[in-house]
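**Student:** Need coordinates for the following:
(one chain, ligands or ions: 1)
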Amino acid sequence: MNEILLHPPKRLYRAARFATRPQPHSLNIMGFGFDGTACFRKGTAIAPDAIRLVASDIESYSPYLDLDLEEAAPFYDLGNLVVHNTGDAHNDYLAAHGRFAKLTGSLDFAADGIHLLTLGGEHSISYSAIAAYLQAYPDLLLLHLDAHADLRQEYQGYHYSHASIIRRCLDHFGPGHQLLQFGIRSGTRDEYAWMRGHKTLASSLEAFVEMIDGQPADRPIYLTLDLDYFDPAYMPGTGTPEPGGQDFLSFVRIVQALRRKRLVGADVVELSPPVDASGNSDVFATKVVRELILAFQRKEDHEQ
Ligand SMILES: [Mn+2]
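**Tutor:** Model prediction:
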């Protein structure tokens, strides 16, 4: 009997079509609600369905991009990867990662034009998709928006921890791969020394957007977005909030720059709906996801 890899969502993402495996030359949304290594405040496991629920109620039109989900190129909702949170975080993650690999293993991400937008879950889930993209694209640019450097070798005994996700991705880096980070405002002295040494951390929004603008138009870009990139004043519903963060309009600037480039994959992680009982964080995160879905609609040179 074939193992069940995905559960259909209770409700489809607004305007999306249902599919049971990633569709070529299209954007595919998939929930990955693993939160086993979360150390402080859990709850990200239910974020994918919380975002789908809010997406039904907010505007489908983005005034920032002048695009509407209802008029966008067809995109798909694959539902949620089967995840068990038994308390044995290491093996739970490896099992879920194995299901992701089974789901995507036969696909050629580059040749088939597989565009994945993964909704976490805690940040460790990003590893599954990023490792696949690094393998598919030897010149991938990895953009990392986060409050935390996530460069630890391991954290609290976990090799695949939310606090070591970028380190795990670096394990797969080849000579053509590149990491650029923005929003980081928390880490160890060693992590900061590494970022300075490798010049991965942009010093300002303007510098970060310039770095995107300066990329070749056909270079594949993957964006991993930990929602604690945003200031907790706007986005309190995350496990590890950090003051001094960015606002929504900073993200709009980044998305506008990305639309002129070649975004091939992305993930949005660390929304924890139970942490913010007002529900405002769910709405904020869903607006972020809307902009990101629309960012996959590439802006051609002839468009103003
Ligand atoms: Mn973080």
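**Student:** Would you agree R152 is in contact with R168?
**Tutor:** No. Using C-beta atoms under 8 Å as the test, R152 is too far from R168 to be in contact (9.9 Å). Heads up, the C-betas are built off the backbone N, CA and C, glycines and all.
**Student:** Check the stretch 1-150 of the chain for the residue nearest the ion and tell me.
**Tutor:** Closest residue of the stretch 1-150 of the chain to the ion, C-beta to the ion: H148 (3.7 Å).
**Student:** if we look at the sheet, which residues does that residue bridge to?
**Tutor:** Going by DSSP bridges, H148 is paired in beta bridges with S186.
**Student:** Also N80?
**Tutor:** For N80, the beta-bridge assignment (DSSP bridges) gives partners H7, G31.
**Student:** And the residue nearest the centre of the chain, how far from A277?
**Tutor:** Among the residues of the chain, the one closest to the centroid is D267, at 1.5 Å (C-alpha atoms, centre = their mean). From D267 over to A277 the distance is 25 Å, taken as C-beta to C-beta, to the nearest Å.
**Student:** Same question for G214.
**Tutor:** 43 Å.
**Student:** before we move on, what about I114?
**Tutor:** Look at I114 and A277: by C-beta to C-beta, they are 37 Å apart.
**Student:** which of the two has more neighbours?
**Tutor:** Using other C-beta atoms under 10 Å, the more surrounded residue of I114 and A277 is I114, with 24 against 10.
**Student:** Extract the residue ranges of this structure that are flagged as low pLDDT.
**Tutor:** Within the chain, the stretches with pLDDT under 70 are 1, 37-41, 301-302, 304.
**Student:** show me where the stretch 1-150 of the chain has strands.
**Tutor:** Taking DSSP state E, counting those that start in this stretch, the strands of the stretch 1-150 of the chain run over residues 6-7, 17-18, 26-32, 61-62, 67-68, 75-81, 114-120, 141-145.
**Student:** mind giving me JSON lines with those strands and columns for distance to H172?
**Tutor:** Shown next, in JSON lines, are those (distance: least, C-beta to C-beta, whole Å):
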{"stretch": "strand 6-7", "distance to H172": "24"}
{"stretch": "strand 17-18", "distance to H172": "31"}
{"stretch": "strand 26-32", "distance to H172": "18"}
{"stretch": "strand 61-62", "distance to H172": "33"}
{"stretch": "strand 67-68", "distance to H172": "33"}
{"stretch": "strand 75-81", "distance to H172": "20"}
{"stretch": "strand 114-120", "distance to H172": "16"}
{"stretch": "strand 141-145", "distance to H172": "10"}
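**Student:** before we move on, the earlier item: the residue of the stretch 1-150 of the chain closest to the ion: neighbour count?
**Tutor:** Residues lying near H148 (other C-beta under 10 Å) number 24.
**Student:** Could you shift the numbering so residue one becomes 71, and keep it that way?
**Tutor:** Fine by me, first position is 71 from now on; the one you just mentioned is H218.
**Student:** Within range of the ion, give me the residues from the chain.
**Tutor:** Contact residues (C-beta under 5 Å from the ion) of the chain with the ion: D216, A217, H218, D296, D298.
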